[in-house]
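**Q** Sequence and computational prediction follow.
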Amino acid sequence: MNKKRGEDLYKTKNAENGVIWDRLVLERPPKPYSYASRKEKFDYCIKQSFLSGENYLPGTKLASNKESHFGYYLKRYERCYDRYLSENLNIENLLSTEIKKQYGKGKGGEFKSGKFYSVASSSRFAVSSFSEKDNQGKIEVVKNLPINGQIEYVDVALEEGLAIEGIPKNAYPPQMDVILKTDSGDTYFVEVKCHEILDTSEHKNIKLKWKYREAEPFKEFPLDITSITPKIENNSKLIAIRDKLLRAEDFGCNLSTTHFDFKQFLCHLMGIVSYKKLMPKRKLHFYYLFYKNDEYEIFNNHNIYAELEEEIAEIFGKFGALFPEIEFGYCYNDKFDTLKSLKNEYT
């Protein structure tokens, strides 16, 4: 991409052949138009990488650098988006039966909703990072992977539910993007993030449902239990402190930015702590895999990953001391392609 630092990007919504198209363009269009958000700029940069020949799945590139490979009609918004891959690519047909089965049982509805076709789909990023193309041209999960300098034979599960001790068994458990079990006795729980790190306003408050008060691992969190009160918001009963929704500081974490999804982190951690009781002999690791969008940082003049890493250091520092039996970590992949190494960048 030959873009100037901080260059503007515009969003248009126009009828084309009877269909409303939501497009991002560099040249200032005729009115009406709006300025693209940071998240939309992030997506635009990923789209440009695919147009320039980068993979959108392992060993899989666009046949040409044409806009016709993009555009997906989302029924819930009644419009077509140009930062989604085209349904004509038939991405599901490239995936192995096992991968499709694992996503079929998840609650995200990645295929039916079209989310998997988003250029910045964290699900497709997860599949891409932990799979490879086989001799028949199918995308299969990897069988071995370098982890922190050591080749490990791994069993890979996608979109796996994590039961939490103390929560009713009929409650839908939090879903972990990837779980790797090694022959050497380690289990790696990997949460995968792409453009979600720009959902900063959504991450400021921790909207934890009231039912989690009964979870055994919840009692190990550094909260003032005597100050907990319920709070009703949008017909959901949530955990609050003196009628205010939870925030990072309630857990002893002082954050200046909110790229990290603290609420989801807590839910996954409760599931991992519960797993430890069931599998006490396995060594546990809780990792985050982030898509590294260097072009976005240049385009938007935003040191997003430096901010994210400061948050991680604060959060992992506090919770690493609380749960020393779990190794916390994070790593990056800058492509929608097989991860070369799962290396913990947190020290």
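**A** Sure, I can see it. Residues are numbered from 1 along each chain as shown.

**Q** Ramachandran angles for residue 316?
**A** phi -70, psi -30 (degrees, to the nearest 10).

**Q** isn't it right next to residue 346, touching?
**A** Yes. Judged on CB atoms under 8 Å, residue 316 makes contact with residue 346 at a distance of 5.8 Å. (Each C-beta comes from the backbone N, C-alpha and C, glycine too.)

**Q** which residues do these two both contact?
**A** 328-329 (CB atoms under 8 Å, 6 or more residues apart in numbering).

**Q** More neighbours: which of the two?
**A** Per other CB atoms under 10 Å, whichever of residue 316 and residue 346 has more neighbours is residue 316, with 20 against 16.

**Q** So for that one, what's the pLDDT?
**A** Residue 316 carries a pLDDT score of 98 in this model.

**Q** For it, which residues are in contact?
**A** Residue 316 is in contact with 328-329, 346, counting by CB under 8 Å, 6+ apart.

**Q** can you pull the buried residues of the one helix or strand in the chain whose mean pLDDT sits lowest?
**A** None of the helices or strands of the chain scores lower by mean pLDDT, DSSP states H and E than helix 97-105, at a mean of 87. Judged by neighbour count using 16 or more other CB atoms under 10 Å, the buried positions of helix 97-105 are 99, 102-103.

**Q** Now residue 171: closest residue in space that isn't a chain neighbour?
**A** residue 211 (6.7 Å; CB to CB, 6 or more residues apart in numbering).

**Q** what secondary structure does that neighbour sit in?
**A** Assigned by DSSP: H, G, I helix; E, B strand; the rest coil, the conformation of residue 211 is helix.

**Q** Distance-wise, check it relative to residue 230.
**A** Distance of residue 211 to residue 230, computed by CB to CB, to the nearest Å: 11 Å.

**Q** pLDDT score for the residue nearest to residue 171?
**A** In this model, residue 211 carries a pLDDT of 93.

**Q** and it, how many neighbours?
**A** That count, for residue 211 with other CB under 10 Å as the rule, works out to 15.

**Q** Hmm, residue 293 is touching residue 47, no?
**A** No. Using CB under 8 Å as the test, residue 293 is too far from residue 47 to be in contact (11.3 Å).

**Q** The two: which has the busier surroundings?
**A** residue 293 (25 against 20).

**Q** List the residues that contact that one.
**A** The contact partners of residue 293, taken as CB under 8 Å, 6+ apart, are 42, 45-46, 304, 334.

**Q** between the contacts of residue 316, which is closest to residue 256?
**A** When the contacts of residue 316 are compared for distance to residue 256 (CB to CB), residue 346 wins out at 18.5 Å.

**Q** In a strand, residue 155, correct?
**A** Yes. Counting by three-state DSSP, residue 155 falls inside a strand.

**Q** Can you tell me who it pairs with across the strands?
**A** When bridges are called by DSSP bridges, residue 155 pairs up with residue 181.

**Q** For it, grab the count of nearby residues.
**A** Counted with other CB under 10 Å, the neighbours of residue 155 add up to 12.

**Q** what's the answer for residue 273, then?
**A** Count around residue 273 with other CB under 10 Å applied: 23.

**Q** That one contacts residue 286, doesn't it?
**A** No. Applying CB under 8 Å, one finds residue 273 not in contact with residue 286, separated by 9.8 Å.

**Q** Overlap in contacts, these two.
**A** Common neighbours of residue 273 and residue 286 (criterion: CB under 8 Å, 6+ apart): residue 326.

**Q** Let me see the ranges of the helices in the stretch 1-150 of the chain.
**A** For the stretch 1-150 of the chain, helices defined by DSSP state H, counting those that start in this stretch occupy the ranges 38-51, 97-105, 122-129.

**Q** Please tabulate those helices in TSV, including the columns distance to residue 278.
**A** Shown next, in TSV, are the helices of the stretch 1-150 of the chain (distance: least, CB to CB, whole Å):
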stretch	distance to residue 278
helix 38-51	38
helix 97-105	20
helix 122-129	24
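
**Q** Lowest average pLDDT across those helices?
**A** helix 97-105 (a mean of 87).

**Q** That helix versus helix 122-129: what angle between them?
**A** Orientation of helix 97-105 against helix 122-129 (axes from the mean of the first three to the mean of the last three CA atoms, to 10 degrees) gives an angle of 160 degrees.

**Q** which stretches of this protein have low pLDDT?
**A** 1-7, 105-108 (pLDDT under 70).

**Q** show me the contacts for the residue nearest to residue 171.
**A** Counting by CB under 8 Å, 6+ apart, residue 211 has contacts 167-168, 171.

**Q** among those residues, who's most crowded?
**A** residue 167 (23 neighbours).

**Q** Nearest spatial neighbour of it, chain-adjacent residues omitted?
**A** residue 215 is the one closest to residue 167 (CB to CB, 6+ apart), at 5.4 Å.

**Q** Need phi/psi at that neighbour.
**A** According to degrees, to the nearest 10, residue 215 has phi -70, psi 130.

**Q** List the contacts of it.
**A** So residue 215 contacts 164-167, 270, 274 (CB under 8 Å, 6+ apart).

**Q** how about a cut-off of 6 Å?
**A** Listed by CB atoms under 6 Å, 6 or more residues apart in numbering, the contact set of residue 215 reads 164, 166-167, 270.

**Q** same question, residue 173
**A** Residue 173 neighbours (CB under 6 Å, 6+ apart): 161-163.
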